[in-house]
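> make a model of this:
(chains A and B)
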Amino acid sequence: MTELPTDDVLTVRGLTKYYSGGSRLRGGRHQVRAVDGVDLTIGPGEILGLVGESGSGKSTVGRCVTRLTRPTSGSIELLGQEIGNLPERRMRPLRQDVHIVFQDPYSSLNPRMTIGDIIAEPLRQQGLRSRLERRREVEDMLERTGLRAEIRSRYPHELSGGQRQRVALARALIRRPKLLVADEPASALDVSVQAAILNLLLELRQALNFSCLFISHDLSVVEFISDRIAVMYLGRIVELTTRERLFTEPQHPYTQALLSAAPVPDPIVARDRVVLTGELPSAAAVPSGCRFHTRCPVAVDRCRTEDPALTGVTSADHLVACHLVDPVRGGPDITARSAHADHPA
Amino acid sequence: MSGTTVLDVEHLRVTFATEDGPVLAVKDMSFAVAPGEILALVGESGCGKTITAMSIPGLLPAGGVARSGTVRLAGRELTSLAERDLESLRGKDISVVFQEPMTSLNPAYTVGKQIVEVIRRHQSLSRGQALDRAVELLTLVGIPDARRRCASFPHQLSGGMRQRVMIAMAVACDPKVLIADEPTTALDVTIQAGVLEVIRTLCRTLDTAVLLITHDLGVVAEVADRVVVMYAGRPVEQASVHSLFAEPQHPYTMGLMDALPANALRSRSRRLTEIPGLVPAPVDDPDECQFAPRCPRATERCRTERPLLRQVDDRPDDHLVACHHPGREASRD
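Numbering: from 1, shown residues only, chains lettered A, B, ... in the order given. Model prediction:
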């Protein structure tokens, strides 16, 4: 933000992705605004956590950034080059710089290919290296991801979930991308395996020095792994700041509600919750004004009509999209109504 | 203890016959749940928690399943009951809430009709009376505008609302035991908080015994009264929720807790504690501690003698652990 855009590995401005939905038979075509104006930057070697509930558009952002889908509008700059609207043909050579790891390691690996072939595929696709060199690089990636070399000739179904996710990481990183998009990479795994994958991701980042857009619904995972965190709600980022700040002084009422709702693995922590009323509105009918006003416990009239911009009110690196944030007092305290404020673990 | 419990499971053992030989899904499970109590069954995938729970109302897949041990509901033995008798029991005395509410509701009928069907199957009420009861139940689980919602089809409801409908249906006939299998795993955190609240309130007001199956220690801390931690088909630790979280005794329980990002953050560590190794394949039942190959403090004794569930010195009477070297201290050497 204060840095020049060219320093950043990824700069996203005004990103939107609309899908048209509804039945044509019933005459009701409507637009689903999955991503509706997202700005974010990721610096070199930085992990940006993107957190939000289902339907918030966080995975769509990941798919746009990796150009698995073409955004409706907005700009995506990867290493200073605009890729938002590049045709697939011109996108292809740039794909070495951005890779993605998905949530489900069962469905993202081809069951009929050996692990060695799966990991080598990004090289083979672009006709790089000789067979022997590819084999050497696969072995190097296996070692880096903590897998035994013999696993090369195995098939995905012979591996455990954790091993498969290691393979997915090896494949994603074999071309040394500058940006890795990790979409819920540990959510389908048991906690003990999840711990190993998160540790591995941090180790690999250290060794290979890539930036990462880490998408997750799990606040504690995002808090653990991220340098900065963006909170998404209904297609927009509502708060973006450093990890420490987000958890110690969350400003947006939605962030506060999200933190308060997360179960804490400690039965002694007071069970005071800010339970949000109402439901997540449909992305096909985004509320007017601030999109959170329908569920916000502290909304005022202005919130119903005027869409708040994502700006730094209390400081330049604490961005929040809420009318009620005060430069001196900070964000409105939605927990103030209950006797004691919820403290994040 | 047996005087106050409504569900008693003793030495439950479930074996599946597969092409590759028998799979010992549950090796030896014993626990009891009292009315108005929430007992959480915790463990990682494949530990046998769901099989344990589903064998109580006889919902295991047909064919090739061998079950031994006793399951008593208010003193009545269930393992020897015929399928017909079990059928009249399910939904009335025992009900189940599954993880995925969309697949457990019939998409072709309104939710009102589906709740009415459950009520009328077990109670002699007229259609109108049953519908009134359905509205009452939906209000009870926190669905606003319940009468209008009765006319909704499942696809018109959000995930959280569907799960509330499932819970309403499950408690429609005032069951003695409610089995909730990962009831909030498919839901967002803000929705999860509300659904857990409903389960806890119902458990207290209706005096239902709740068996909660979950992998999430956060959820356990949130709602459970007592906890059974499972590993490889056996209970490894059993305690009140406060005792378990304050002083976990089994190295596996400690491993699970240390692996949580929330706990790494608390200790300001930038590295999560892993549990090395893999869950053993459920093909045999050796006379040893099954966690020994992954355990940092395993000794020769662990590899030759299976530890029994027992009380440990400085813990409350109801804190049991199956380990030869229990306690926090032992891990610090």
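> which positions in the stretch 1-150 of chain B make contact with chain A?
B:44-45 (CB under 8 Å from any CB of the partner chain). (Glycine included, C-beta is placed from N, CA and C.)
> at 10 Å what do you get?
By the rule CB under 10 Å from any CB of the partner chain, the part of the stretch 1-150 of chain B lying against chain A is B:43-47, B:142, B:144.
> list phi and psi for B:Glu44.
phi -80, psi 170 (degrees, to the nearest 10).
> tell me, how many neighbours does it end up with?
Counted with other CB atoms under 10 Å in any protein chain shown, residues neighbouring B:Glu44 total 19.
> skipping adjacent residues, who's closest to it in space?
A:Asp190 (3.9 Å; CB to CB, 6 or more residues apart in numbering or on different chains).
> remind me which residues of the stretch 151-300 of chain A are low pLDDT?
Along the stretch 151-300 of chain A, segments meeting pLDDT under 70 span A:270-272.
> can you give me the helices for it?
A:161-173, A:191-208, A:219-225, A:243-248, A:253-261 (DSSP state H, counting those that start in this stretch).
> B:Ser269 touches A:Leu198, doesn't it?
No: using CB atoms under 10 Å, B:Ser269 is not in contact with A:Leu198; the gap is 11.8 Å.
> where do the contact lists of the two overlap?
A:224, B:261 (CB atoms under 10 Å, 6 or more residues apart in numbering or on different chains).
> neighbour count: the two, which is higher?
Each of B:Ser269 and A:Leu198 has its neighbours counted (other CB under 10 Å); A:Leu198 has more, 24 against 13.
> need phi/psi at the residue in chain B positioned nearest to chain A.
At 3.2 Å from chain A, B:Gly218 is the closest residue in chain B, using CB to the nearest CB. Main-chain dihedrals, B:Gly218, degrees, to the nearest 10: phi -60, psi -40.
> reformat the helices of the stretch 151-300 of chain A as JSON lines; add distance to chain B.
Below are those laid out as JSON lines (distance: least, CB to the nearest CB, whole Å):
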{"stretch": "helix A:161-173", "distance to chain B": "8"}
{"stretch": "helix A:191-208", "distance to chain B": "4"}
{"stretch": "helix A:219-225", "distance to chain B": "4"}
{"stretch": "helix A:243-248", "distance to chain B": "8"}
{"stretch": "helix A:253-261", "distance to chain B": "4"}
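> redo the ones you listed as JSON lines? Include distance to B:Thr205.
Shown next, in JSON lines, are those (distance: least, CB to CB, whole Å):
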{"stretch": "helix A:161-173", "distance to B:Thr205": "40"}
{"stretch": "helix A:191-208", "distance to B:Thr205": "32"}
{"stretch": "helix A:219-225", "distance to B:Thr205": "31"}
{"stretch": "helix A:243-248", "distance to B:Thr205": "35"}
{"stretch": "helix A:253-261", "distance to B:Thr205": "23"}
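> kindly format the C-alpha coordinates of stretch B:276-283 as CSV.
The C-alpha trace of stretch B:276-283 is given here as CSV (Å, rounded to 0.1, in the frame of the first residue of the first chain):
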residue,chain,number,x,y,z
PRO,B,276,4.4,-38.3,13.8
GLY,B,277,3.4,-41.5,12.0
LEU,B,278,0.0,-42.7,10.9
VAL,B,279,-3.1,-44.2,12.5
PRO,B,280,-2.7,-48.0,12.5
ALA,B,281,-4.7,-50.0,10.0
PRO,B,282,-7.7,-51.5,11.8
VAL,B,283,-6.8,-55.1,10.8
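> setting aside sequence neighbours, what's the nearest residue to the residue of chain B closest to chain A?
Residue nearest to B:Gly218 in three dimensions, not counting chain neighbours: A:Pro263, with 3.2 Å by CB to CB, 6+ apart.
> try B:Glu117
Using CB to CB, 6+ apart, the closest residue to B:Glu117 is B:Tyr109 (8.0 Å).
> phi and psi next, for that neighbour.
According to degrees, to the nearest 10, B:Tyr109 has phi -120, psi 150.
> likewise for B:Val228?
Per degrees, to the nearest 10, the backbone of B:Val228 is at phi -120, psi 120.
> equivalent analysis for B:Met257, please.
With angles defined as degrees, to the nearest 10, B:Met257 sits at phi -70, psi -40.
> can I assume it is in contact with B:Asn263?
Yes: under the criterion of CB under 10 Å, B:Met257 makes contact with B:Asn263 at 5.9 Å.
> centroid-nearest residue for chain A?
A:Ile215 (2.4 Å; CA atoms, centre = their mean).
> same deal with chain B?
B:Ile213 (2.3 Å).
> quick revisit: okay, now the residue nearest to B:Glu44: neighbour count?
Close neighbours of A:Asp190, defined as other CB under 10 Å, add up to 22.
> list the buried residues of stretch B:189-206.
B:189-200, B:202-203, B:206 (16 or more other CB atoms under 10 Å in any protein chain shown).
> if we can go back for a sec, surely the residue of chain B closest to chain A touches B:Val189?
Yes: if you go by CB under 10 Å, B:Gly218 and B:Val189 touch, sitting 9.3 Å apart.
> anything in contact with each of these two?
A:218, A:262-263.
> want to try CSV for these, with neighbour count as columns?
Shown next, in CSV, are the shared contacts of B:Gly218 and B:Val189 (neighbours: other CB atoms under 10 Å in any protein chain shown):
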residue, neighbour count
A:Asp218, 19
A:Ala262, 22
A:Pro263, 24
